[in-house]
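Participant: Here is my input; please provide its structure:
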Amino acid sequence: MTDTVDATEENTFFDPKIRTPEMEMAQTGVGVPRADELAIADINPVNPHLFKENRWQEHFARLRAEDPVHFNELETAGRYWSITKYDDVRAVDGDWETFSSAKGMNLGLRAIAQGDVALPPGATPFISMDPPTHTEQRKTVRSISAPSSLRNIEPMMRERTAALLDSLPEGETFDWVDTVSVELTTLMLATLFDFPMEDRRKLTRWSDIVFAVPEPGGVVENQQQKIDELLECVAYFSELWDQRRGGDGFDLVTMLANGEDTKHMTPMEQLGNLLLLIVGGNDTTRNTMSGSVHGLNLFPDQWAKLKADPGLMTSFVPEVIRWVTPLSYMRRTATRDTEIRGQHIKKNDQVLMWYISANHDEDVFENSYKLDIERANADRQLSFGYGIHFCMGSRVAELQLRVLYEEILRRFDTIEVVGEPEWVFSSFVHGYSKLPVSVTRK
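Facilitator: Residues are numbered from 1 along each chain as shown. Just a heads-up that it's a prediction; the model follows:
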């Protein structure tokens, strides 16, 4: 593909010298103490080391028990509150008039005045908007997950899943994340975008770098590399956008290029929605596909139950999505002074709705850290959010997970985790970077 964006001009929107909150925490968070060694005021749940080391559980348990509306302040992020109880998260998510999405969805995205540099001004996804603009742009692409669309894509999804599972080596160690989770979600995403299949791993790469914390040896080494690769994404999609103007294809690019509320958007304005759809269709599903294998290894009795009764699939899918919670939180900004549990939240304060904590709230989910595929209220999980921003691709994600496990049950006796998992270095994306496994066929 040829560049159609003036990188020099667009680069003026970025400042590679600015540090994001997670970049700050990447330095200060090394060797963070256990939760019981910290004063409650010193707990900072956005520390990415807690997630990289899979130690977030104890920190959120303390917050839920002792300080469920928890205040922090960072030079790079300003004032922010962590909402950790289920009912409070649901209430904030459902009140868009008091808690606005217009300044971004996480501490590292979009609020330029507060030091965020993941995207430039103008590259605002509709998830970072309030009605009516949010509603207008969202409706342009929502038909992709309509029941009729799901019926059309399921046979193709099942065929690809079966072929990939048939190709897996038996008795050999391989990385489930890259071999299965990434490949299946990227194939699906390329189909939804009608993206050139030979370049489909570009989608994976762009998804990975959106929320990656620049660090030596990391997903991106520095902020400039992140900027350069995001500009490559702009250039690639700008060409696809131009090719599909006036077209009638049933894919996300064509829908955005011709929708009444999106067709006049600039390349940078396009970038926000495109990256939202890439991340929403890639990171979340692939991390649930990986986390499900890990969870069934930690709780082998649940794997035995599923093999004995495949009818439990209907409760298994939402329970795995709850247990993993692939996006840890979403951010809102208070539009006026308000109170939650007696805590005074000022106008313009940031409010983090910790889905990963709400989904493990013991007052709602008994034995919350156990994967229980017979959990009666698993469908109450908040991994897809609540209210007007409820994940539009939730049905696609659930379908992918169901199809994957229906095909797994037909083929495999065991999928054994044979080494320590590795987690993504991020407090926003709760994901797996590696999961070594070995399979045994029936």
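
Participant: quick one: the strands in the stretch 51-200 of the chain?
Facilitator: 69-74, 78-83, 99-100, 174-175 (DSSP state E, counting those that start in this stretch).

Participant: Low-confidence ranges, the stretch 51-200 of the chain, go.
Facilitator: Within the stretch 51-200 of the chain, the ranges that satisfy pLDDT under 70 run 103-150.

Participant: those helices in it, which residues are they?
Facilitator: Ranges of helices within the stretch 51-200 of the chain are 56-66, 86-93, 133-141, 147-166, 176, 183-193, 200-210, based on DSSP state H, counting those that start in this stretch.

Participant: follow-up on the earlier one: is it possible to export the strands of the stretch 51-200 of the chain to a markdown table including mean neighbour count and distance to residue 226?
Facilitator: (Glycine included, C-beta is placed from N, CA and C.) Shown next, in a markdown table, are the strands of the stretch 51-200 of the chain (neighbours: other C-beta atoms under 10 Å; distance: least, C-beta to C-beta, whole Å):
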| stretch | mean neighbour count | distance to residue 226 |
| --- | --- | --- |
| strand 69-74 | 18 | 20 |
| strand 78-83 | 22 | 22 |
| strand 99-100 | 22 | 26 |
| strand 174-175 | 17 | 24 |
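
Participant: Which of the ones you listed sits closest to residue 274?
Facilitator: strand 99-100 (22.6 Å; C-beta to C-beta).

Participant: neighbouring contacts of the closest one?
Facilitator: Strand 99-100 is contacted from outside by 92, 93, 130, 332, 333, 334, 335, 351, using C-beta atoms under 8 Å, 6 or more residues apart in numbering.

Participant: Neighbour count for the residues you listed - can I get that in CSV?
Facilitator: As requested, these are exported to CSV (neighbours: other C-beta atoms under 10 Å):
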residue, neighbour count
92, 25
93, 24
130, 18
332, 26
333, 19
334, 20
335, 16
351, 26
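
Participant: any chance of the residues you listed in a markdown table, plus distance to residue 153?
Facilitator: Shown next, in a markdown table, are these (distance: C-beta to C-beta, whole Å):
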| residue | distance to residue 153 |
| --- | --- |
| 92 | 33 |
| 93 | 28 |
| 130 | 31 |
| 332 | 32 |
| 333 | 36 |
| 334 | 40 |
| 335 | 39 |
| 351 | 36 |
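
Participant: any idea which of the residues you listed is closest to residue 344?
Facilitator: Distances from residue 344 to the contacts of strand 99-100, taken by C-beta to C-beta, are shortest for residue 334, at 10.3 Å.

Participant: which one of the helices of the stretch 51-200 of the chain has the most crowded surroundings?
Facilitator: helix 176 (a mean of 24; mean count of other C-beta atoms under 10 Å).

Participant: Show me what it is in contact with.
Facilitator: 290, 293, 415, 435, 436, 437.

Participant: So residue 161 is in contact with residue 407, correct?
Facilitator: Yes: here residue 161 reaches residue 407: they are 4.9 Å apart, a contact under C-beta atoms under 8 Å.

Participant: Can you tell me which of the helices of the stretch 51-200 of the chain is nearest to residue 316?
Facilitator: So among the helices of the stretch 51-200 of the chain, helix 147-166 is nearest, using C-beta to C-beta, at 16.2 Å.
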